[in-house]
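[1] need a 3D model of the sequence below.
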Amino acid sequence: MTTRNPSSRPNVLIVGSGGREHAIAWRLAQSPRIGRIFAAPGNPGIGRLAACAPVGATDVAGLVKLAREAACNLVVVGPEAPLAAGLADAMRAQGITVFGPSAAAARIESSKHYAKGVMARAGIPTAHCEAFTDLGRARDAARAVAREAGGVVVKLDCLAAGKGVVVAGSPEEAARAVDELGAMGGSQGCKILVEERLAGPEASVMCLSDGVDIWVLPPARDHKRALDGDQGPNTGGMGAVAPARLVADAMLADRAMLAAIERTILRPAIEQMAAEGTPFVGALFAGLMLTSEGPKVLEFNCRLGDPETQAVLPLVDVDLLDLVEAACHGQLGRVGASASSGGVHYGLHSTCVVMASLGYPGHYEMGIPICVPDPLPTGVTLFHAGTALDDGKLVSAGGRVIGVVGVASSAAESRRLTYDVVGRIGFEGAHYRRDIGAI
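    Numbering: from 1, shown residues only. Got it, this is the predicted structure:
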């Protein structure tokens, strides 16, 4: 086991260009031990904290070259696609320390069918599902489940940028979902999963893992649907709150539930993957449904969530650099208490509202000028996602453009702070939900 040198000032490369990566850079920059921060490809917000390089997040060879030339001691991978493409393996092959799972371990996200197998073998509670390679059989099965149960979930068994899941309420919707997802994943030969629809509130629980031990982050709640009231199509995420309520009564009960999730879901997943020869080093994300029978897994992701990370990291009372290095070097057991044992700012609440381009998640225009208030109120931070500079001026460059995060001593004040700043950002046609944290 490699032992971290606490006096070192590591240079860090952050891979990615979204709000999650901006939040990671923002939190790492607060470490008194940090050396230089690099980002590839980054964005204008990240560029205030790091040296950005025009290397794509899935350019494995280019990223390895950049890490070597920039003398980076540590690489932190944000998105799932480079992990599935083997970026962590390539970095480790060159002797570069990397926070992120191997391609084999990243299958827990890149293949939902594989993840279901891990859960079955580990005894982790999840929804029943069947996998199909034939669209006709998938269509028949989806119709039948929707008819019998009043609804069904149809999933694409490959990466789909958060858009490979459709919740269908009728046999007709179920059949359309199979056709739509089949067309989306057909060129990749992806299976279609037909899954039981679970009922209850959702929650996102993330942990850092060193392959053996874990450090649990505060729970969050993501809002996937594009429109208020959880209506409209699924998106990459329109906002998040943290800490999420896991039960209806006291916060102590919430912490007991989080400890139960650690015991019955997170640790069994890490232990099972290690037992199968695919140890997971990085961030494991459990998307959960809090059913009447207890928490059940909707999906696992092989990285931190977006926008959950933007809401969660401001509540963590431990140096993120210390946590990431400990995970990379098998030392998480030596770090202080995690969220499940009370080691976070439980007296604070955060609300993240995503401001998106008009039309997202469908067609949208880019290059829309953005004007942000300066200075920002105390407790508010902006995390750039789809932004760019055009002749020195900030413009939109993606679907999800900016995340506004407010942190306060109550959920209500956090929400008020956030929406106050959202209303003061000049971004023509900006689309955002007005009920984040209110439902």
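
[2] buried set for the longest strand belonging to the chain?
    Longest strand in the chain by number of residues (criterion: DSSP state E): strand 281-291. For strand 281-291, the neighbour count (16 or more other Cβ atoms under 10 Å) marks 281-290 as buried. Glycine gets a C-beta too; all of them are placed from N, C-alpha and C.

[3] give me the number of residues near Asp213?
    Around Asp213 sit 19 other residues, with neighbours defined as other Cβ atoms under 10 Å.

[4] where does the prediction get shaky in the stretch 201-350 of the chain?
    Where the stretch 201-350 of the chain drops to pLDDT under 70, the residues are 248-252, 342-346.

[5] ok, which stretches of it are strands?
    202-210, 214-216, 221-222, 225-227, 231-234, 239-242, 281-291, 294-301, 349-356 (DSSP state E, counting those that start in this stretch).

[6] per the record, what domains does this protein have?
    Here the domain parsing of the chain from automatic domain parsing is 12-100, 134-190, 202-341, 349-427.

[7] let's have those in CSV, adding distance to Ile439.
    Formatted as CSV, the domains of the chain follow (distance: least, Cβ to Cβ, whole Å):
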stretch, distance to Ile439
domain 12-100, 21
domain 134-190, 17
domain 202-341, 7
domain 349-427, 11
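
[8] below-threshold pLDDT in the stretch 1-150 of the chain: ranges please.
    1-7.

[9] let me see the ranges of the helices in it.
    When assigned using DSSP state H, counting those that start in this stretch, the helices of the stretch 1-150 of the chain occupy the ranges 19-28, 60-69, 80-84, 87-93, 103-110, 112-122, 135-149.

[10] please apply the same query to the stretch 301-439 of the chain.
    308-312, 320-328, 411-422.

[11] just those: most buried one?
    helix 308-312 (a mean of 32; mean count of other Cβ atoms under 10 Å).

[12] wait, what's in contact with the nearest residue to Pro32 once chain neighbours are set aside?
    Closest residue to Pro32 apart from its sequence neighbours, by Cβ to Cβ, 6 or more residues apart in numbering: Asp319 at 7.8 Å. For Asp319, the contact set (Cβ atoms under 8 Å, 6 or more residues apart in numbering) comprises 30-33.

[13] same deal with Arg36?
    11-12, 50-51, 70.

[14] what's the answer for Gly392, then?
    Per Cβ under 8 Å, 6+ apart, neighbours of Gly392: none.

[15] and if you look at Leu83?
    Contacts of Leu83 by Cβ under 8 Å, 6+ apart are 77, 100-101, 103, 106, 109, 282, 302-303.

[16] same thing but 6 Å
    Listed by Cβ atoms under 6 Å, 6 or more residues apart in numbering, the contact partners of Leu83 are 77, 100, 106, 302.

[17] tell me how far Lys224 lies from Gln231.
    11 Å (Cβ to Cβ, to the nearest Å).

[18] more crowded one of these two?
    The neighbour comparison of Lys224 against Gln231 (other Cβ under 10 Å) goes to Lys224, with 20 against 9.

[19] return the backbone torsion pair for the spatially most central residue of the chain.
    In the chain, the residue lying closest to the centroid (Cα atoms, centre = their mean) is Gly305, at 0.9 Å. Backbone geometry at Gly305, expressed as degrees, to the nearest 10, gives phi -80, psi 160.

[20] so which of the domains of the chain comes closest to Gly123?
    Each of those has some distance to Gly123 by Cβ to Cβ; the shortest is domain 202-341, at 6.5 Å.

[21] now the end-to-end length of that closest one.
    End-to-end span of domain 202-341 (Cα to Cα, to the nearest Å): 21 Å.
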